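J.: kindly generate the corresponding structure for this input.
(one chain, ligands or ions: 2)
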Amino acid sequence: MSSGLTDPFVRPPAKPRPPAQLRGRAGAQSEPAIQARGLTKRYGQVLALDALDLTVQAGEVYGFLGPNGAGKTTTIRLLLGLHRPTSGSSTLFGVDSWRQPVRAHRRVAYVAGESSLWPSLTGAETLEFLGRMHGEVDRAHREELVRRFDLDTRKRIRALSKGNRQKVQLVAALATRADLLLLDEPTAGLDPLMEIAFREAVTEARGRGQSVFLSSHILSEVEAVCDRIGILRAGRLIDEGSLSDMRHLGAHTVEATFEGEPPAIQPLPGVSSVRVGSNALRFEVDGPVGPLIAALGEHQLVSLSSRAPSLEEIFLHHYAPDGGAPGERDSGGV
Ligand SMILES: Nc1ncnc2c1ncn2[C@@H]1O[C@H](COP(=O)(O)OP(=O)(O)OP(=O)(O)O)[C@@H](O)[C@H]1O
Ligand SMILES: [Mg+2]
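T.: Ligands and ions are numbered 1, 2, ... in the order given. Predicted structure coming up:
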């Protein structure tokens, strides 16, 4: 076998199950893939997660964004029943994460932020072992993933680089075709080509009706693959919505270039400006851009451009050093 995949374990014949797509649809009709109610975790003095209310529907790809220490890993550990909540609760497909972890895990595959694989097993043995733990693996798909992620499965885990160890975890999770994939910063350490392979795999999983919970601080990744995003800061979910819901939170950026020295533009609420170069102004606009465009129209313009904020800009807006949430920021004049 070109990938070096071997079958070191004797495995009982797989029980017939309906295709993942059908199971995903069935889930969509019944229980949400994830439901958290007032989920809270305190580690001593540290309030790592503060009353999280969250629902991810079956079949949804949810991006969980937050800076270092925001509580992303804590959330995933609580969802998996690895840590006990200080208060509140969570369910996976209606099964309580803490009270019934074995049942809750049945439909879930997990990629840990910090991998803790067995150093002396080869990649192939690890994939086989993780597959057996889950109980159901699509071997042909796994071969395909090994090829796409360019993984040498003959090497022992201890001899693999960080990125390649991450790939072993990812392939193992994706090959299970679990109804829910819980992925904690799964692309940490992957190079840009592998990042593309990851995005394709998530898009395919979504097409099959699988649910995905993806924690990340890579905004472009979330923007590319997620239906909905939540923003976590210091243990609190400070915003949530579809990408189009979130766009309005950021300012519009308008750039105007003039024939000569930029003119003084009358102060407008929600508009701030900065000079860029010798004859251009850049405006950040919170709210409608019409009044600014009208004011600029009174001057000799060479060019004018306007664009919607990227997720990066939305993110910066939320994580600005002054902690300004939308609507709380000063709306200075020009
Ligand atoms: N086992 C633990 N004991 C004590 N404090 C912890 C423990 N796990 C997490 N914390 C604290 O809880 C907070 C949230 O940590 P968490 O690992 O969930 O953040 P994160 O969003 O995953 O960050 P990163 O992006 O760095 O992975 C941090 O202040 C962290 O120091
Ligand atoms: Mg983490």
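
J.: compute the first-to-last residue distance for stretch 280-291.
T.: Using C-alpha to C-alpha, to the nearest Å, the end-to-end distance of stretch 280-291 comes out at 18 Å.

J.: can you give me the buried ones in that stretch?
T.: 281, 283-286, 289 (16 or more other C-beta atoms under 10 Å). Where you see a C-beta, it was placed from the backbone N, CA and C, and this is true even at glycine.

J.: with stretch 256-273 instead?
T.: Neighbour-count burial for stretch 256-273, with 16+ other C-beta under 10 Å as criterion, is recorded at 256-258, 262, 265, 268, 270-273.

J.: pLDDT on stretch 151-167, on average?
T.: For stretch 151-167, mean pLDDT is 93.

J.: give the buried residues for that stretch.
T.: Judged by neighbour count using 16+ other C-beta under 10 Å, the buried positions of stretch 151-167 are 151, 153, 155, 157, 160, 164-167.

J.: which ones among these come in contact with ligand 1?
T.: Among the buried residues of stretch 151-167, no residue sits close to ligand 1 (C-beta under 6 Å from any ligand atom).

J.: nearest to residue 131 among the residues you listed?
T.: Checking those against residue 131 by C-beta to C-beta gives residue 153 as the nearest, at 12.3 Å.

J.: ok, and what's touching stretch 266-284?
T.: Stretch 266-284 has contacts (C-beta atoms under 8 Å, 6 or more residues apart in numbering) with 251-262, 265, 285-287, 291-292, 295, 302, 331-334.

J.: helices along the stretch 101-250 of the chain, start to end?
T.: Here the stretch 101-250 of the chain has its helices, by DSSP state H, counting those that start in this stretch, at 101-105, 123-134, 139-148, 162-176, 192-207, 219-225, 243-247.

J.: would you turn the ones you listed into JSON lines with distance to ligand 2?
T.: What follows is the helices of the stretch 101-250 of the chain, written out as JSON lines (distance: least, C-beta to the ion, whole Å):
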{"stretch": "helix 101-105", "distance to ligand 2": "20"}
{"stretch": "helix 123-134", "distance to ligand 2": "20"}
{"stretch": "helix 139-148", "distance to ligand 2": "24"}
{"stretch": "helix 162-176", "distance to ligand 2": "13"}
{"stretch": "helix 192-207", "distance to ligand 2": "17"}
{"stretch": "helix 219-225", "distance to ligand 2": "15"}
{"stretch": "helix 243-247", "distance to ligand 2": "22"}
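
J.: between these, which gets nearest to residue 182?
T.: Closest to residue 182 of the helices of the stretch 101-250 of the chain is helix 162-176 (C-beta to C-beta; 8.4 Å).

J.: centre of the chain to the closest one, how far?
T.: 17 Å (C-alpha atoms, centre = their mean, to the nearest Å).

J.: burial count for the residue in the stretch 101-250 of the chain that ligand 1 sits nearest to?
T.: Nearest residue of the stretch 101-250 of the chain to ligand 1: residue 113, at 5.4 Å (C-beta to the nearest ligand atom). Residue 113: 16 surrounding residues under other C-beta atoms under 10 Å.

J.: okay then, goodbye and thanks.
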